[in-house]
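**Student:** Please work out how this folds:
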Amino acid sequence: MASADPTASRDIVLTGPIFDVERMMVPTRAGERALRHIVRHPGAVCVAGVLDDGRLVSIRNFRIAVGEWLEEFCAGKLERGEDPSDAARREFLEETGYRAGRIERLGTFLTSPGFADEVMHAFVARDLKHVGQRLQDDERIEVVLSSPAEFASRIRSGAVRDGKTISTWALLGLVSHAG
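**Tutor:** Model (predicted):
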């Protein structure tokens, strides 16, 4: 996503393997200019897995940025030109070890629009078959199976506090109760 303000000056100050950082000078109401740094991200997916018996498939993932293990639904960034449903299927298999017979779109949301343009595509994976994880060398991920009630309890207690997971859980609940 690009800024809607055509008067903002911009340049990329960091190009990385996951995102770029753009420096922008934007006009203020006082007629001056303010410096902003925006994370430009290709988008990502977050996938809630549901087994045939109703249990949820989540993961415990060591997150370097916060230096701790977080329980979350699996997720990953979109590759250039990749369809989000294909990315969801790929990431779910790699991180959980389950092949999804069906991937259903739940919706999209912005992860942190105050400083990033990342769009998260939320999905639910169903008709699951365990075939084994395919982790990257730097990934430390454990699979967690739990009932929806147990998972909701961990959200309420603060044990699950990952924003993309809580948002995907909320979208899953909206779809489950639509009707």
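**Student:** Paired strands for the host helix or strand of residue 11, with orientation please.
**Tutor:** Per DSSP states H and E, residue 11 falls inside strand 9-15. Using DSSP bridges, strand 9-15 pairs in its sheet with strand 20-27 (antiparallel).
**Student:** May I see the buried residues of the strand it pairs with?
**Tutor:** For strand 20-27, the buried set under the neighbour-count rule, 16 or more other C-beta atoms under 10 Å, comprises 22, 24, 26. To be clear about C-beta, it is placed using only N, CA and C from the backbone, and glycine gets the same treatment.
**Student:** so how far is stretch 42-54 off the chain centroid?
**Tutor:** Relative to its parent chain, stretch 42-54 has a centroid offset of 10 Å by C-alpha atoms, centre = their mean, to the nearest Å.
**Student:** Can you dump the C-alpha atoms of it in PDB for me?
**Tutor:** Extracted in PDB, the C-alpha atoms of stretch 42-54 (Å, rounded to 0.1, in the frame of the first residue of the first chain):
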ATOM      1  CA  PRO A  42       4.300  -7.900   1.200                       C
ATOM      2  CA  GLY A  43       1.400  -9.300   3.300                       C
ATOM      3  CA  ALA A  44       1.000 -12.500   5.200                       C
ATOM      4  CA  VAL A  45      -1.300 -15.300   6.200                       C
ATOM      5  CA  CYS A  46      -2.500 -16.600   9.500                       C
ATOM      6  CA  VAL A  47      -4.100 -20.100   9.700                       C
ATOM      7  CA  ALA A  48      -6.300 -21.600  12.400                       C
ATOM      8  CA  GLY A  49      -6.400 -25.400  12.000                       C
ATOM      9  CA  VAL A  50      -9.500 -27.400  13.100                       C
ATOM     10  CA  LEU A  51      -9.200 -31.200  13.400                       C
ATOM     11  CA  ASP A  52     -12.200 -33.400  12.600                       C
ATOM     12  CA  ASP A  53     -12.900 -33.800  16.400                       C
ATOM     13  CA  GLY A  54     -13.100 -30.000  16.800                       C
END
